[in-house]
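# Let me see the structure of the following:
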Amino acid sequence: MKRCIIIGLVLACWLRAAPADEGNFTSTLSPADLAAIGLSGLTPAQRARLNTLVEDYKRGTVTSARRAAAEALAAQQAAEAQVARAEEKAKAAQLDAAKAEARRVDAARVEAGKSTGGSSVLTKAKERMKPTAASETVMIESSIPGTFRGWESRQIFTLANGRRVQVENNQRYYSPAVDNPKVIIVPAAIAGYWMRFPTLGAEVRVNLVAE
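Numbers count the residues shown, from 1 in each chain. Take a look at the predicted model:
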């Protein structure tokens, strides 16, 4: 056992110190070294076998070293490729964010232009929803003087309080004769007004006529 340990130590030291292109193992040892490690009595065949085993060991070590170097290089290349892909994704995300911001700014400019120009449908609808100058109250209660028999398209009524209203559409309505029917005028949800007849259960969209 002690002899094997000594041989192993000698082999390890020789592998680290000897260049790859030197001769066989036993030829590099002096007779004193061979005697010290107990190899002086080896036959030529035994020496040849020992040299073969040492060469095989050297080749295996070199192959393992080369394999480890190749694996390290492949791992480095894979890491560099991953970093490059991450950088490309980051650049693409920044570009998408810049495009989205540009679209948002353009949309804001268009909307601002519509608002300042007064051409947007929303602006017009808001203007129509505002009460007219002739309207002073949210709800108007009055009556239509005289005998009422319905209304014609675009007909104008003068109420008992002096206000004038005009039927907004081309609708016609006929009813039995009613004297001085009561009316209630309230703003419509979007624009204009509703004139309601509580006693008749009827209503019509109207606009207030400016004084």
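# Report how many residues lie close to Lys99.
10 (other Cβ atoms under 10 Å). In this view, the C-beta of every residue, glycine as well, is placed from N, C-alpha and C.
# For it, pull up the helix or strand it's in.
Using DSSP states H and E, Lys99 sits within helix 44-117.
# tell me the mean pLDDT over that helix?
Averaged across helix 44-117, pLDDT comes to 82.
# That helix packs against which elements?
With contacts taken as 3 or more Cβ pairs under 8 Å, 6 or more residues apart in numbering; DSSP states H and E, helix 44-117 sits against helix 2-17.
# Figure out how far the helix or strand encompassing Leu34 is from the centre of its chain.
Here Leu34 sits within helix 31-36, counting by DSSP H and E. Helix 31-36 sits 78 Å away from the centroid of its parent chain (Cα atoms, centre = their mean, to the nearest Å).
# Report the rounded mean pLDDT for that helix.
81.
# Quick one: list the elements packing against that helix.
Contacting helix 31-36 under the criterion 3+ Cβ pairs under 8 Å, 6+ apart is no other helix or strand.
# how does it look with 10 Å?
helix 2-17 (3 or more Cβ pairs under 10 Å, 6 or more residues apart in numbering; DSSP states H and E).
# Residue ranges of each domain in the chain, please.
Residue ranges for the domains of the chain, per automatic domain parsing: 2-70, 131-208.
# can you tell me which of the ones you listed the model trusts least?
domain 2-70 (a mean of 73).
# Could you pull up the residues touching Met139?
Met139 is in contact with Ile184, Ile185, Val186, Pro187, Tyr193, counting by Cβ atoms under 10 Å, 6 or more residues apart in numbering.
# Kindly reformat the residues you listed as TSV containing secondary structure, distance to Val105 and neighbour count.
Output for the contacts of Met139, formatted as TSV (DSSP: H, G, I helix; E, B strand; the rest coil; distance: Cβ to Cβ, whole Å; neighbours: other Cβ atoms under 10 Å):
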residue	secondary structure	distance to Val105	neighbour count
Ile184	strand	50	14
Ile185	strand	46	21
Val186	strand	43	13
Pro187	strand	38	16
Tyr193	strand	41	21
